[in-house]
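**Student:** with the input below, show me the fold.
(one chain, ligands or ions: 1)
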Amino acid sequence: MGFVIIGGDAAGMSAASRAKRNQHDLDVIVLEQTTDVSYSACGMPYNIADAGREIEDLVVRHAEVFREKQGIDLRTGHRVESIDRKKKTVAGKNLEGENFMIPYDRLLIATGGSPIVPDLPGFDLPGVMALKSLEDGRKIKEHIRARDVKKVVIVGMGYIALEMCESLRARNIDVEMVKPRPIFLPWMAGELASVVREEIESHGVKIYAGHTIERVEAVENNLKVICPDLELQGQMVLVAIGVSPNSELAAKAGLELGPSGSIAVDRTLKTTDENIYSAGDCADAYHVVTGQKTWVPLALRANRAGWAVADNVTGIKTELEGIAGSAVFKVFDLQVARTGLSTAEAEKSGFDPVEVVVKTRSRAHAHPGSTTMHLQIVGDKKSGRLLGMQIVGKEGAVHRIKAPSVALHSKMTVEAFSQCDLAYAPPFSPTWDPMLTAANQLLKKL
Ligand SMILES: Cc1cc2nc3c(=O)[nH]c(=O)nc-3n(C[C@H](O)[C@H](O)[C@H](O)COP(=O)(O)OP(=O)(O)OC[C@H]3O[C@@H](n4cnc5c(N)ncnc54)[C@H](O)[C@@H]3O)c2cc1C
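**Tutor:** Predicted coordinates:
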């Protein structure tokens, strides 16, 4: 049987490796349009922060290892342009300009996502860059070196924008951030978002939220981001306003699409075609809190979905429960963590949400090194269910969020969560863990 995979990064290579492990004699062909496979995109902001580090450090496994040690027919420089579902073939062009056509028995579309670039004048100028692929990382590092960049304007304020503002400041590059929407982090509880904003501003970064961007212009050696009421200048403009799923191939082939135009899959990762699966940033998923379809482009679910496809293709029936929307990032000295639904998301999903925001300490009373920890917890008044949590603090936020993530998978009530036996010692938390304090406060309102 022939298993063909389009896309050679997290989801695609996870699927290829596991399929070969499950069934050694399976023919696995991976078609990847670039010459890079299996790298840590998530590590790019930290790599860019260090001029002395090679971007190639981020490659997790080289193409030859997949080919020679794992027996995967990995074809880099192969861009798929169409899928013929009747003939069960994919067709495209390689980097030499040659056309190819390859038959499949089972197909996996693991084409990921692409950075969103506004359709405005000047966003195609040299020096206006986005960070998605390893090649983007290479280009950004080279641009900073060659142009001796001293100032960058970042368009957007998502987690990649925030990680990059820390990365650039580490290289002593001035940063200004701008976006049209007036609220700094709209998904985050206001008090927590203010803490994040203060941290960023305390590192010399200027934040301009609520400015409509009209265009980018090249002015002498600089680029100017122009808004009706503001002009920002730098030697580089980083566009970080989010990604959209690469679902065009699927759409052209008549497959059903889901939220945000991602490829609709069932719990076995099958699309609306019996023989075609999809996994990773291009595909949708079920949310364990709402039970509804959602689209969250993050790494673990891409890897896990790749495994699940491999299992299903090799006869090991696997269904994925879904995702809880858990996400973490670091910005300067702060850890930022979330899982589940924000209050607004809970309302939209038909819950009757109640929230509390608490400010506690990260360590026991009077323990040296204790820092402030901010938490928001959301529960449902109707069912008492825990719906979500957000944590911001200088320590202990990121690993803490994993407890409520598990609770969401188990569909726990706030009361059940408040009874959990969470570990305590003075260097790690107060006797009542901050999450238990938050849950106890919320119980009073439910
Ligand atoms: C800067 C940055 C930081 C991140 N940090 C984190 C983090 O901290 N935590 C986290 O969970 N996630 C993070 N992510 C997201 C994470 O990297 C993605 O969720 C993950 O890479 C998705 O894997 P994927 O295989 O679905 O897609 P991708 O990694 O996008 O891979 C898709 C592959 O398909 C190829 N392809 C596309 N179309 C075609 C075609 N027509 N023919 C052939 N090949 C094609 C592409 O070239 C690409 O190699 C980060 C992403 C970036 C960019």
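
**Student:** pLDDT value on the closest residue to Val331 other than its chain neighbours, please?
**Tutor:** Once flanking residues are discounted, Val331 sits nearest to Leu162: 4.6 Å by C-beta to C-beta, 6 or more residues apart in numbering. Any C-beta I mention is one placed from the backbone N, CA and C, and that applies to glycine too. pLDDT, Leu162: 97.

**Student:** what's the local residue count around Leu162?
**Tutor:** 26 (other C-beta atoms under 10 Å).

**Student:** now for the one helix or strand it maps to, which elements pack on it?
**Tutor:** For Leu162, the host element (DSSP states H and E) is helix 159-170. On a contact count with 3 or more C-beta pairs under 8 Å, 6 or more residues apart in numbering; DSSP states H and E, helix 159-170 meets helix 44-48, strand 151-155, strand 174-179, helix 190-201, strand 327-331.

**Student:** what's in contact with that helix?
**Tutor:** Applying C-beta atoms under 8 Å, 6 or more residues apart in numbering, the external contacts of helix 159-170 come out as 45-46, 48-50, 131, 152, 154-155, 175, 177, 196, 200, 203-205, 238, 240-241, 327, 329-332, 336.

**Student:** any idea of the angle that helix forms with strand 151-155?
**Tutor:** With axes from the mean of the first three to the mean of the last three C-alpha atoms, to 10 degrees defining the directions, helix 159-170 sits at 170 degrees from strand 151-155.

**Student:** anything in helix 159-170 near the ligand?
**Tutor:** Yes - using C-beta under 6 Å from any ligand atom, helix 159-170 reaches the ligand at Ile160.

**Student:** the helices and strands packed on helix 159-170: which one's closest to the ligand?
**Tutor:** Of all these, helix 44-48 sits nearest to the ligand, with 4.5 Å by C-beta to the nearest ligand atom.

**Student:** what sits up against that closest one?
**Tutor:** 53, 55, 57-58, 131, 134, 136-137, 140-141, 144, 160, 163-164, 166-168, 171.

**Student:** tell me the helix or strand right after the lowest-mean-pLDDT helix or strand in the chain.
**Tutor:** Every helix and strand in the chain was compared by mean pLDDT, DSSP states H and E; the lowest is helix 63-64, with a mean of 94. Following helix 63-64 in sequence order, the next helix or strand is strand 73-76 (DSSP H and E).

**Student:** any idea of the mean pLDDT for that following strand?
**Tutor:** Averaging pLDDT residue by residue across strand 73-76 gives 98.

**Student:** now swap in stretch 350-360 and tell me
**Tutor:** Mean predicted confidence for stretch 350-360 is 98.

**Student:** before we move on, what about stretch 333-342?
**Tutor:** The model assigns stretch 333-342 a mean pLDDT of 98.

**Student:** buried stuff in it?
**Tutor:** Leu334, Gln335, Val336, Ala337, Arg338, Thr339, Gly340, Leu341, Ser342 (16 or more other C-beta atoms under 10 Å).

**Student:** also stretch 423-439?
**Tutor:** Those would be Phe428, Ser429, Pro430, Asp433, Pro434, Met435, Leu436, Thr437, Ala438, Ala439, for stretch 423-439 by 16+ other C-beta under 10 Å.

**Student:** of those, list those near the ligand.
**Tutor:** By C-beta under 6 Å from any ligand atom, no member of the buried residues of stretch 423-439 lies near the ligand.

**Student:** ok, the residues you listed vs Leu192, which is closest?
**Tutor:** Ala438 (11.9 Å; C-beta to C-beta).

**Student:** in the stretch 101-250 of the chain, what residue lies closest to the ligand?
**Tutor:** Closest point on the stretch 101-250 of the chain to the ligand, by C-beta to the nearest ligand atom, is Gly112, at 2.1 Å.

**Student:** that residue - how many residues pack around it?
**Tutor:** 25.

**Student:** out of the buried residues of stretch 423-439, who's nearest the ligand?
**Tutor:** Closest to the ligand, out of all of the buried residues of stretch 423-439 and judged by C-beta to the nearest ligand atom, is Met435, at 21.7 Å.

**Student:** report all helices and strands that the strand or helix carrying the closest one contacts.
**Tutor:** For Met435, the host element (DSSP H and E) is helix 434-445. With contacts defined as 3+ C-beta pairs under 8 Å, 6+ apart, the packing partners of helix 434-445 are strand 353-361, strand 372-380, strand 386-393, helix 414-418.

**Student:** any idea which of the ones you listed is most buried?
**Tutor:** Of all the helices and strands packed on helix 434-445, strand 386-393 has the most neighbours on average by mean count of other C-beta atoms under 10 Å, namely a mean of 27.

**Student:** could I get the CA-only coordinates of that one as CSV?
**Tutor:** What follows is strand 386-393, C-alpha atoms only, in CSV (Å, rounded to 0.1, in the frame of the first residue of the first chain):
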residue,chain,number,x,y,z
LEU,A,386,-14.4,24.3,35.2
LEU,A,387,-14.2,26.1,31.8
GLY,A,388,-10.7,27.7,31.8
MET,A,389,-7.8,29.2,33.5
GLN,A,390,-5.1,31.8,32.7
ILE,A,391,-2.0,32.4,34.8
VAL,A,392,0.7,35.1,34.6
GLY,A,393,3.7,35.3,36.8
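
**Student:** just checking: what are the partner strands of it?
**Tutor:** strand 334-340 (antiparallel), strand 372-380 (antiparallel) (DSSP bridges).

**Student:** what's the closest non-adjacent residue to the residue of the stretch 301-446 of the chain found nearest the ligand?
**Tutor:** As assessed by C-beta to the nearest ligand atom, the ligand sits closest to Ala302 within the stretch 301-446 of the chain, at 3.7 Å. Among residues not flanking Ala302 along the chain, Gly280 sits closest, at 3.6 Å (C-beta to C-beta, 6+ apart).

**Student:** element containing the residue of the stretch 301-446 of the chain closest to the ligand?
**Tutor:** Using DSSP H and E, Ala302 falls in helix 299-313.

**Student:** elements contacting that helix?
**Tutor:** So helix 299-313, by 3+ C-beta pairs under 8 Å, 6+ apart, packs with helix 10-22, strand 106-109, strand 276-278.

**Student:** nearest to Asp148, of the ones you listed?
**Tutor:** The nearest among the helices and strands packed on helix 299-313, by C-beta to C-beta, is helix 10-22 at 33.8 Å.

**Student:** what's the closest one packed up against?
**Tutor:** strand 2-6, strand 27-32, strand 106-109, helix 299-313.
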